[in-house]
Every structure is written in C-alpha cells, then in structure tokens.
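> Mind looking at a prediction? Sequence and model below.
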Number of protein chains: 2
Amino acid sequence: MEVREMELDDRKKKILKSIIRNYLETGEPVGSRTISKFTDLKLSSATIRNEMADLEELGYIIQPHTSAGRIPTDKGYRLYVDDLMEEKERQVNEKEKQVDEMKEFLIQKVDKVETLLQQMARLLATNTNYATMITAPQYNKNKVKFIQLSRVEAEKLLIVVVIDGNIVKNTIIDTVEALDDETILQLNMLCNTSLNGLTIDEINLGVIAKLKEQAGVHKGIVGSVLDAVAEAITVDDDLRIYTSGTTNIFQYPELSDKNKAKELINAFEEKRVLTSLVHQIVQKDDNHGIQVYIGSETPIQTMKDCSVVTATYELEEGVQGTIGIIGPKRMDYDKVVDTLKTLTTQLDMIYKKT
Amino acid sequence: MEVREMELDDRKKKILKSIIRNYLETGEPVGSRTISKFTDLKLSSATIRNEMADLEELGYIIQPHTSAGRIPTDKGYRLYVDDLMEEKERQVNEKEKQVDEMKEFLIQKVDKVETLLQQMARLLATNTNYATMITAPQYNKNKVKFIQLSRVEAEKLLIVVVIDGNIVKNTIIDTVEALDDETILQLNMLCNTSLNGLTIDEINLGVIAKLKEQAGVHKGIVGSVLDAVAEAITVDDDLRIYTSGTTNIFQYPELSDKNKAKELINAFEEKRVLTSLVHQIVQKDDNHGIQVYIGSETPIQTMKDCSVVTATYELEEGVQGTIGIIGPKRMDYDKVVDTLKTLTTQLDMIYKKT
DNA sequence: TGTTAGCACTCATTAATATAGAGTGCTAAT
DNA sequence: ATTAGCACTCTATATTAATGAGTGCTAACA
C-alpha cells in the first residue's frame, strides 16, 4: 500500500459537497450511486466509491454501518460551512415575502420589547422549522438616565431607574423608618447627581460603596436605597430568554428519540441553560456576529447532536441581544444563516431609523 | 334476558375502585384475576368477571380490545374523584418533608413574584411528576394607589402606576410637544386625584373617557397620557404564565406518542392557550377552588387525553392566581389534590402573615 | 494510471409465521 | 349466588425468511 499525503483535491470537495447537500435534504445516508447521478462529474459509482473511501479516511464522512451510505461527520459539516457553502441564490420573491411577513408582525404596535422578541422567536421558528431562542437585550454598557424615588406607603419606597434605550426597571423596598418628603427629595438628588451617566457595570463596581461612605445623616437609608438600585438594574438578565418552536425537533427523526427529545425540550424550558449561548462580547462586524456551532462544538452538552447558529442583534446603540437557532446537525445552514442576516439587518434598519 | 335497572351496589363500587386504583398505578388494563386477589372481598375471578361485565354495561369501564382487562372511562374516573376517592392517609412525614422543602425555597429571598412563581411551578413539577402551570396574579380588582409621571427626555414621558399589592407597571410615551415642569405637575395631580382608589376594571370601563372630555387646555396630552395609563395597567396579563415539567409527560406512554406529545408541549409553550384554565371568578371556599377536569371535560381541546387539576391561590386580598397540574387521566388524583391543598394553604399562611 | 464493470458479501429493514400468555365469556356444577 | 373449567380471542414477542441498498475488491479497459 502506497503511503502518501492524501490531498483534498477539487473533485473530492465536489463529491463531499454533494454528499452533504443530499444528506441535508433527506437525512438518509447517501450512497455512491446517488452521487454518481447527482453530480455533473460523469463518474461511475465505482469511482465515487473509491473517492468516498478516501473521504472517510480523511474523516469527513462516515458509515453508520457496513453496508450503508455515508453521512457527514462534524468535521465534514465544518468544512462545508466554512468553505463549501455558497450564498444560496434564493429567489428574491421568497426573501421579500419573508421580510414582508416580518414587517407585518413588527408593525403591529409592539411597545413592549418582550412582545416583540416573543413574536420574533415565533416567526423565526415557523419560518425555519427549527427551535429558536432570543435573549432580551443586555444593557450593561448603557448609562443610567434617570432615577426616581417616591413613597408609596408610609414605609415603602418605590425606586424607578431608567437607562439608555428607555428601559425601565423598578423595585419597592421597605424603609425601616418613615421618610418625610424632604428626605426623599434629598435622596433623589443624591442618586441622580451621583449615578446618572454611569453604566451599570460602573455602578456595580464600587461607586455604591463609595456613596455609602459619603452618606451623611441618613446613612442607613442611603445604604438600602443604593443596594436596591444596584439590584434593580442587575437582576434577571438571565431569565429573559424567549423560545419558540421547540417541538419542531420532532420533525427530525435523529432528534425525536424520546430521551433526546426530553432532554432537549427540557433545556429550552429551563431557559437558564441557554445562557451559555449568549455572546458575551459582541465584536461589531457586518456579519452580525453569526456563529455556527456544529455538534460537539456547541457549549451546551445536551445539544451535542444538534447544530446551533447564533447571531447578535442591536436595537439601539449598545442594546444588544442574541438570537439562536437550534436544529439537527443536518440543518439547512445556508438558509439559516441567510435568514438570520436578513432578520438582524431588518431589525437594525427599523430600529435605528426611529 | 331479564330487563331491570342495574344498581351500582356497594360491591360494584368496591370493585370499580380497585380497578381504578390498580390502573392508576400500573397504567395497564386490569383483569378479573388481579382484582380477585387485590380486594378483601374474597371473590373468585369468575364472579369479578360478571361484575365487570355489569360495570362495563353501566359505562364505568371499558375493554381496549376483546381479550384485555378493563380500564376506566371518563365516567369511571369522575365517580372515583367525586365519591370513591378517600383522603389518602399519607404519612405525616412525607407531608412535612414536602412543606419543608417548599419553605426552603420560599425563604430564599424571592422579592420578585415572578421568581417565586417559577420556582413554585418547578417544585410542583418535580414533586408530582406532572406538568404544571401557574398564572401570575390578576390584579383587576385591585386599586390604583399611586401614579407618577416624569420626563425622561425632552419629549418622552415616563408613566409609573402602582396598584394594591405593590405591583408596579410602567410605560414610556412620546409626547408630541415638549412639556414643561408645570404641565407635568398638573398632569400628575390630575391623574392622582381622579384615578387613585379606583380599580383597574373601573378605570377601563369609562372613567378615562370622561376624564378626557373634562380635560382643559392640554387636551391632546391628557388624552395620550390617560391612554397610556390604561394600557399600562391592562397589558400582558395573559402572557404571564409560568410552566414547568412539561417533559414529564414522556413518562406516561399513553401521552408520549410523538404527535400527542408535540401538541401538548406546544400548548405549554404557547402559553396563551392555557388561559382558558384560569378560573375567571374565584369563589372563596375552604377548598381553594380546586377543580378536577377529566379527559374531555377539560377546556383545552389538545388536552382531551389528560386530566387537569386547578386551584387558586391568594397572595394578598384580591391578588389571586391559578395553579394547574396536567397529567395523564390516570393521574394520582389523591396526591395531586392533596399537594395543591397543602401548597395553597401554605402560601396563604406565609403571605397573609406578613 | 485512472476509470469502470462485475460480483460476492454485509447488514438493516420488512414481511411472514409461529408461540406464549393474559384475559374473557359461557356453561355446568356446587 | 358463586365458582371451576374450558374454549376462544387477541396482543405481544420471538423467529425466520426475503428483500435490497450499498460496499469493497478484483480484473479488465482506455
């Protein structure tokens, strides 16, 4: 047997691409005869068989069992996504239709971001037939715009914080003693003068500690108020994840095994599991930070039989969130990436203009 | 053949009860021999067979196929729940343990009601092995306590509404023209004097329309502000449903058929579907409004193969919500009812005391 | 030297068949 | 009224056989 470096020449690539394409559609192992007819290479099945043997040796495809066709490995998918996949020449019609449908959704008065996100998730899910998730925007880089304290009961204080992007957060706290109007006014002044313009990150870091020290006569109250402010602006970022179409996974036999399905759907229900998909730091590129995780590449163990595609969206400067699409490894990468691009672009346009 | 009214005598009841008990445990059709040994009636299987034939004729049980045992019909379950079911003599230990576990959860500082509800749902789900849902409290009967308008940007107005139970709702609206401090002050006065103390229902009914008419110089702005207030207090009550353990249904073969499972889980994901389970008007009885829907009795079509048990809880006077447990028709009714009673009582205690 | 036809072989899927067992309904005896 | 006994039904399970898709390898070919 001749020992030499095996090359992934052009023909092999074409064959691999055909195999993957075919598998993406059917979900069945694909054999040499199919490829022989499928491609324009005019090669006999026997030749294809030889090439396939090579591709298997190179680790791009694998046989589920001895006398079956080949299916792509994670490595194969990776190559496909990185090199082989072409921007699909989708009919403009379809694209337009999709965008229209989206606009229709968006035009319905969605004052609450939450509603918008839930609708987006649903739209994406029905459009792609995969499971989707959208995180609420992270505001940590945004600045506090306005703080207001007001008494709602003798010993209860309402704290409202507005941050860039006009996100409102609030808490009600118990004050140990009743506060008179004068004190509340002072507290208001203090908070606004010292916290406005700071980002949430900055506030959490240490400003509060300093402020507490500086607090004069109302030391105790200032402390608890500041704590409450800090909490109000930090809390619950991890909870706000909207999902949809989780039951779409039943469409894909390779995922709808009872145990797998249970685990997967569970992950979607326990949304905190999904947080590891969130892009922590979003580098601004024109690709909307699209990332493709194939099989075991994904950060979530229970999704090792899936592929995950994530993108970032930006409602306003600095108000960003993550969109994720989760499907079988044989997901239609072209379409998904394309859809995500369209969606994020669209969002940018709609919201940036306003 | 003798024609006579068939009686559901005591022995038949005992047998029916045994059949159902047994079926609840195993999920398998139960045969005459089993019952013959299971009960203390000291009857032979042949006798049981005769009785079973009668029970079938009466519509309480049915044979899935000719040579199988019997399973209860919805009518059978209904009789069981209404008449045959006894307060199970659960070991106090277990009950205590359960409550303790619950308290442990509750003691963790759960300032946000949402977090509490989500945790409760989860706790219930793991405890019962069924799917659970909890609605956020409805506040429609509660009164507006406090309204505050403040300017966050030149032409943006923040509206904060606090209602009984210290629920805070807010919106930001665009004002057509910039408002000066004086105007805002006036608006504040107007809202507070005319809306405070009214229930949400009342406000929605017609107060706003009247107010708009009375509005003097700032007619336009008053209108939009009031609309915003109305919207802030109405919005999103239907969205706030927390679910957990939906994948538990996979444990029950009769539900884990792919299509059924898909439909069911979907219903849980599209939470609005669940709203029909909410008790619209809660009559105050010591049974916590516990209701049992068996099979086709349930208001939700997709759950016609399930049973649903609902109860109401009350965090504070007038702040009520619904808890639902959804499982197979052969759910452990005793345990579920019992658990719900314990939970709601416990909630009442914890929150009423404070 | 790369390509192809041909053939023996493997293995999953499907269908066909047999077997075992649970449970019933009915009859006749107690 | 109750029960033992038996023939009968129907599901579930295991066994076997048949089918066919697909491979790897060899030898012939351009």
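Thanks, I have the structure now. Residues are numbered from 1 along each chain as shown, chains lettered A, B, ... in the order given.

> Quick check on A:A68: phi, psi?
When read as degrees, to the nearest 10, the backbone of A:A68 gives phi -120, psi 170.

> what about the spatially closest residue to it that is not a sequence neighbour, how many residues close to it?
Distance criterion CB to CB, 6 or more residues apart in numbering or on different chains; nearest residue to A:A68, sequence neighbours excluded, is A:P29 at 4.6 Å. From N, CA and C alone the C-beta is placed, and that goes for glycine too. Residues contacting A:P29 under the criterion other CB atoms under 10 Å in any protein chain shown number 18.

> Ok, A:V229 next?
By the criterion of other CB under 10 Å, A:V229 has 24 neighbours.

> What parts of chain A come near DNA strand D?
Counting by CB under 7 Å from any atom of the strand, chain A comes close to DNA strand D at A:28-34, A:45-46, A:49, A:52-53, A:56, A:63, A:66-70.

> Give me the subset of the residues you listed lying in helices.
Residues of those located in helices (DSSP state H): A:S32, A:R33, A:T34, A:S45, A:A46, A:R49, A:M52, A:A53, A:E56.

> Pick the one among the residues you listed closest to chain B.
Checking these against chain B by CB to the nearest CB gives A:T34 as the nearest, at 28.2 Å.

> what's the burial count for the closest one?
Per other CB under 10 Å, the neighbour tally for A:T34 reads 18.

> The one 5 residues further on too?
For A:T39, the number of neighbouring residues by other CB under 10 Å comes to 18.

> so who does the residue lying closest to it once chain neighbours are set aside touch?
Leaving aside its sequence neighbours, A:T39 sits nearest to A:S18 (CB to CB, 6+ apart; 5.0 Å). Going by CB atoms under 8 Å, 6 or more residues apart in numbering or on different chains, A:S18 touches A:I35, A:F38, A:T39.

> can you pull the pLDDT of A:D285?
Looking at A:D285, its pLDDT stands at 60.

> what sits against the closest residue to A:V168 other than its chain neighbours?
Among residues not flanking A:V168 along the chain, B:N170 sits closest, at 4.8 Å (CB to CB, 6+ apart). Remark: with contacts taken as CB under 8 Å, 6+ apart, B:N170 is in contact with A:V160, A:V168, A:N170, B:L158, B:I159, B:V160, B:V161, B:A232.

> pLDDT below threshold where in the stretch 201-350 of chain A?
For the stretch 201-350 of chain A, applying pLDDT under 70 flags the ranges A:205, A:215-219, A:234-239, A:279-287, A:316-318, A:350.

> Residue in it with the shortest distance to DNA strand C?
With CB to the nearest atom of the strand, the shortest gap between the stretch 201-350 of chain A and DNA strand C falls at A:P253, namely 9.8 Å.

> How about the secondary structure of that residue?
The three-state label given to A:P253 by DSSP: H, G, I helix; E, B strand; the rest coil is coil.

> Wait, it touches A:T26, no?
No - A:P253 is beyond contact range of A:T26, at 11.1 Å (criterion: CB atoms under 8 Å).

> Run through the residues that contact the residue nearest to A:A68.
Per CB under 8 Å, 6+ apart, neighbours of A:P29: A:Y23, A:Q63, A:P64, A:A68, A:G69, A:R70, A:I71.

> rerun that using 10 Å as the cut-off
With contact taken as CB atoms under 10 Å, 6 or more residues apart in numbering or on different chains, A:P29 is in contact with A:I19, A:N22, A:Y23, A:I61, A:I62, A:Q63, A:P64, A:H65, A:A68, A:G69, A:R70, A:I71.
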